[in-house]
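# Build the 3D model from these lines:
(2 chains)
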2 protein chains.
Amino acid sequence: MDRGLDREAIEEVYLATLGFSGWQLGNSSAIAAEEAGRPGVSTVRVENACASGGFALRLAVDAVSSGRRNLVLVVGLEKMTDVSNARRRYWLGVSGDTEWERLAGLTFAGVYGLMAARYESEYGPVREALSAVAVKNHAHGALNPNAHFQKLITREQANSGPMVAAPLGLYDCCPVSDGAAALLVARTDRARQWTDTPVYVVGSGAGSDHLAVQERENLTRLDASRQAADEAFRNAPFDRKRLDLLEVHDCFTIAELLALEDLRIAPRGSAGRLTLSGATRLGGRLPVNPDGGLKAKGHPIGATGVSQAYEVFLQLRGQAGARQVRGAQRALTHNVGGSGATAAVHVFSAG
Amino acid sequence: MDRGLDREAIEEVYLATLGFSGWQLGNSSAIAAEEAGRPGVSTVRVENACASGGFALRLAVDAVSSGRRNLVLVVGLEKMTDVSNARRRYWLGVSGDTEWERLAGLTFAGVYGLMAARYESEYGPVREALSAVAVKNHAHGALNPNAHFQKLITREQANSGPMVAAPLGLYDCCPVSDGAAALLVARTDRARQWTDTPVYVVGSGAGSDHLAVQERENLTRLDASRQAADEAFRNAPFDRKRLDLLEVHDCFTIAELLALEDLRIAPRGSAGRLTLSGATRLGGRLPVNPDGGLKAKGHPIGATGVSQAYEVFLQLRGQAGARQVRGAQRALTHNVGGSGATAAVHVFSAG
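Numbering: from 1, shown residues only, chains lettered A, B, ... in the order given. As a prediction, the model looks like this:
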């Protein structure tokens, strides 16, 4: 049972947003506190591109686990559709390396296209696996009333989408979405004041990498993700083998394959096979992105990392409706900034 | 004695920047970690407009005081002069309320002009006191080789500067500056590993307020500053009466007067008299902004809050050269976001 909340209990607010379209680029955290009914409390905007939400959650977890705060609010949001296509193109690029990528014309689809091409050259054809990610996440999104896309797509559609950045086609790319999500993060010993069924954050990790992909050691893994996952599991009370579901950052279908390998769920080069086996579908051994993922739920930049944790919250409380992973007790969220320059991973437990 | 630093000891990086001019709006914290020689570590951008630096310091202090980290790096920076005047005008406005202020044409000088006008209507003429702030901070800046303005101005100049936003003239406004500053924040019990003369952060507070000034209760005080100061002193081992120097957020001269009152250094309506008495000059009873303040040192947005702490670091180690406050042992920094929607206050001690 949840017992409701007196807003006065909120001691701090963390806002995750890129400020897409420039609606309120500076000081927007003050609006978050104000709209939460708590003008006056300490509030701060956290921005790490598409990983802003994951890092806001990380700071909130620190604030309560250190005992400094009892209850803090995390808000993630992005309004992406209220600018023209031309301006939107600018805003979609601002989280990539400006000097070596954005100003040279390399887009995010382009960067992930390079990763996918390199992945194929190292591990062989990946088209069917990419399409399997898209088909699966659309199928999951169809079960999520808050998903941007709630319709199924076929393998044939996914295979033959218009090319965006070879080898990635239209169905390999997440959409441009508006969205928001919020979390209340409480001290473990206080959570039951507000609910009988809290969800516990039992591991938090973060990493970074060179902003420009040209500086990185490798194009087929994101070291920031690896580092974040390793840190998150260092303190977690269970190993990744015991996870019941994952929320991973599938901004492009190739990113879901890389995530499974960077999180050390699948050996390198094998995430495609795992996906094609059906293991990562709802009903499979380890459902991945039951809410539809960025691919189908949508990717409102600052909201994404927060909404991943919201999905885990629903799943571990058994409240995910048609997309419920049966008996889910342990879950992970994986949130990537840009093309992997920053990443945050959290591990959750039902009790 | 300082013992130098092995970069490998840096466990986390906090970057404070607005991203002025849009050079790298998203994910710039990754560059901060990379340039610090630590690509891979957890890094996050913190943005609360002109208070970004103060809030980055606050999060860094939390990270070490909770025992989670031993040593973290805080970087503040802004490059403000590499865009045209027209674009700069846009960027100078983005931290004010967009809906009710910026799009209606109200600038920051305009907002602080309103505050100054209201202050005069409540407490009487303030022109001489505003000029005294400007003259003092220019005099201090002239002693600071890193100040933007290193020249004295006269009372007559300050009184007769071209009008910017009545009653504020040119010499009431801080300049547009490029700049950067950095701090290493260590756990108290580890600091002596790197230096024999650490400076201790003994209090940290933050507050917020409605972003739009029209929603606030009062135009002659910043409640965010009051809240931040009260929180900072709640845990500090000494009272504000024992401070030896202050670094306050004087983006406009009126802001220094408001700060002295909001920090409860001076009773309301009396900060002008205190300033005119000479008490806040170097050599006075309580020097304010010995580095020149935002007015003369400059105000590179994300760098400001960090550089205030750097000045305190120099002062409490007796290394501030010609502007040294004799025997300084206890100090405070006060950093305001926008027109007071966010504020962070830190209290420091020499030992």
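
# buried residues in stretch A:301-314?
A:301-314 (16 or more other CB atoms under 10 Å in any protein chain shown). No exception for glycine: its C-beta is placed from N, CA and C like everyone else's.

# cool, and stretch A:33-48?
For stretch A:33-48, by 16+ other CB under 10 Å, it's A:33-34, A:36, A:38-48.

# where's the dip in pLDDT among these?
The lowest pLDDT within those belongs to A:P39, with 93.

# mind listing what that one touches?
Contacts for A:P39 were tallied using CB atoms under 8 Å, 6 or more residues apart in numbering or on different chains; they are A:A30, A:A33, B:S208, B:D209, B:H210.

# Dump those to a markdown table, plus distance to A:S277 and secondary structure.
Formatted as a markdown table, the contacts of A:P39 follow (distance: CB to CB, whole Å; DSSP: H, G, I helix; E, B strand; the rest coil):
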| residue | distance to A:S277 | secondary structure |
| --- | --- | --- |
| A:A30 | 49 | helix |
| A:A33 | 47 | helix |
| B:S208 | 50 | strand |
| B:D209 | 55 | coil |
| B:H210 | 54 | coil |
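
# which of the buried residues of stretch A:301-314 lies closest to A:A343?
A:G305 (9.9 Å; CB to CB).

# From B:A33, how far off is that closest one?
As judged by CB to CB, to the nearest Å, A:G305 and B:A33 stand 19 Å apart.

# Then A:V199?
30 Å.

# same question, A:I31
From A:I31 across to B:A33, the span is 29 Å (CB to CB).

# now swap in A:G53 and tell me
Relative to B:A33, and taking CB to CB, A:G53 is found at 19 Å.

# following the element among helices and strands of chain A having the smallest mean pLDDT, which helix or strand comes up?
Here the helix or strand of chain A ranked lowest by mean pLDDT, DSSP states H and E is helix A:85-93, holding a mean of 90. Counting by DSSP states H and E, the next helix or strand C-terminal to helix A:85-93 is helix A:108-123.

# which parts of whichever helix or strand comes after that next one are buried?
Toward the C-terminal end, the helix or strand that comes next after helix A:108-123 (DSSP H and E) is helix A:127-141. Under the neighbour-count criterion of 16+ other CB under 10 Å, helix A:127-141 has A:127, A:129-141 buried.

# Columns distance to B:P290 and pLDDT on top of those, output as TSV?
Output for these, formatted as TSV (distance: CB to CB, whole Å; pLDDT from 0 to 100):
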residue	distance to B:P290	pLDDT
A:R127	65	98
A:A129	63	98
A:L130	61	98
A:S131	65	98
A:A132	65	98
A:V133	59	98
A:A134	61	98
A:V135	65	98
A:K136	62	98
A:N137	58	98
A:H138	62	98
A:A139	65	98
A:H140	60	98
A:G141	59	98
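
# Let me have these in a markdown table, extended by distance to chain B.
Formatted as a markdown table, the buried residues of helix A:127-141 follow (distance: CB to the nearest CB, whole Å):
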| residue | distance to chain B |
| --- | --- |
| A:R127 | 29 |
| A:A129 | 28 |
| A:L130 | 25 |
| A:S131 | 29 |
| A:A132 | 29 |
| A:V133 | 24 |
| A:A134 | 25 |
| A:V135 | 30 |
| A:K136 | 28 |
| A:N137 | 24 |
| A:H138 | 27 |
| A:A139 | 31 |
| A:H140 | 27 |
| A:G141 | 26 |
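
# secondary structure class for the closest residue to A:D244 other than its chain neighbours?
Nearest-residue entry for A:D244: A:A328, 4.3 Å, with adjacent residues in sequence omitted and distances by CB to CB, 6 or more residues apart in numbering or on different chains. Under DSSP: H, G, I helix; E, B strand; the rest coil, A:A328 falls in the coil class.

# pretty sure A:A328 contacts A:L245?
Yes - counting by CB atoms under 8 Å, A:L245 is a contact partner of A:A328 at 5.5 Å.

# anything in contact with each of the two?
A:Q315.

# Going along the chain, name the strands of chain A.
With strands called from DSSP state E, chain A shows them at A:12-16, A:42-47, A:71-78, A:163-165, A:168-169, A:179-186, A:200-208, A:245-247, A:330-337, A:342-349.

# between these, which one is nearest to B:G67?
Of these, nearest to B:G67 by CB to CB is strand A:200-208, at 14.6 Å.

# how about that closest one: buried residues?
A:V201, A:V202, A:G203, A:S204, A:G205, A:A206, A:G207, A:S208.

# Also compute the angle for the least confident helix or strand of chain A relative to strand A:71-78, please.
Per axes from the mean of the first three to the mean of the last three CA atoms, to 10 degrees, the angle that helix A:85-93 makes with strand A:71-78 is 140 degrees.

# Please name the residues that touch A:V336.
A:C50, A:A51, A:L222, A:A224, A:S225, A:H249, A:C251, A:A255, A:A259, A:T342, A:A343.

# Kindly recompute the last result at 10 Å.
A:48-51, A:54, A:222, A:224-225, A:228, A:248-251, A:255, A:258-259, A:262, A:294, A:304-305, A:342-345 (CB atoms under 10 Å, 6 or more residues apart in numbering or on different chains).

# Nice, that's everything, thank you.
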